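> kindly generate the corresponding structure for this input.
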Amino acid sequence: MAITHPQGMRPQMPAAARVAATSNPIVATRVLPALAVVGATYAVVSYVRSELGREQNTFDKMFNQQNTPEVMAARKKALDIEVNGDPRNNLLNILGWSK
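Here you go, the predicted structure:
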């Protein structure tokens, strides 16, 4: 059963929506999904970056309380830092990259 509308009473899309929907379908099919992917990626990267910064600050505070001169001297002797280098400056130490 078809719904009939009296003459001139058909529901109409707003003029701006009609123009946007019919003028450039590439925007709807290519650009909008790409913008969504870029936005989601940016959000995830920002979140991970902020969490790593927060963790770094937490560990820095904790280690600064524990790293007394006596502890550092014992650590330097046990790890042979003069020979092997400081493991905190290792390339794989992600939390220490900003230093």
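> please enumerate the helices of this protein.
Under the criterion DSSP state H, the chain contains helices at 15-23, 25-26, 32-66, 69-79, 81-84.
> quick one: mean pLDDT for the second one?
Across helix 25-26, pLDDT averages out at 73.
> now do stretch 55-65
For stretch 55-65, mean pLDDT rounds to 88.
> likewise stretch 31-41?
Mean pLDDT, computed over stretch 31-41, is 93.
> and it, how far out from the chain middle?
13 Å (CA atoms, centre = their mean, to the nearest Å).
> how many residues are close by N67?
Under the neighbour criterion other CB atoms under 10 Å, N67 is assigned a count of 11. Yep, even glycine has a C-beta here, placed from its N, CA and C like the rest.
> I'd like to know how far it sits from K76.
Taking CB to CB, to the nearest Å as the measure, N67 falls 11 Å from K76.
> can you check T68 too?
Going from T68 to K76 by CB to CB gives 13 Å.
> for R54, same thing?
Look at R54 and K76: by CB to CB, they are 29 Å apart.
> check D86 too.
Per CB to CB, D86 is found 9 Å from K76.
> with Y47 instead?
Using CB to CB, Y47 is found at 37 Å from K76.
> re earlier: could you export the helices of the chain to JSON lines, including columns for distance to L92 and mean neighbour count?
What follows is these, written out as JSON lines (distance: least, CB to CB, whole Å; neighbours: other CB atoms under 10 Å):
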{"stretch": "helix 15-23", "distance to L92": "50", "mean neighbour count": "10"}
{"stretch": "helix 25-26", "distance to L92": "44", "mean neighbour count": "9"}
{"stretch": "helix 32-66", "distance to L92": "14", "mean neighbour count": "10"}
{"stretch": "helix 69-79", "distance to L92": "16", "mean neighbour count": "10"}
{"stretch": "helix 81-84", "distance to L92": "15", "mean neighbour count": "10"}
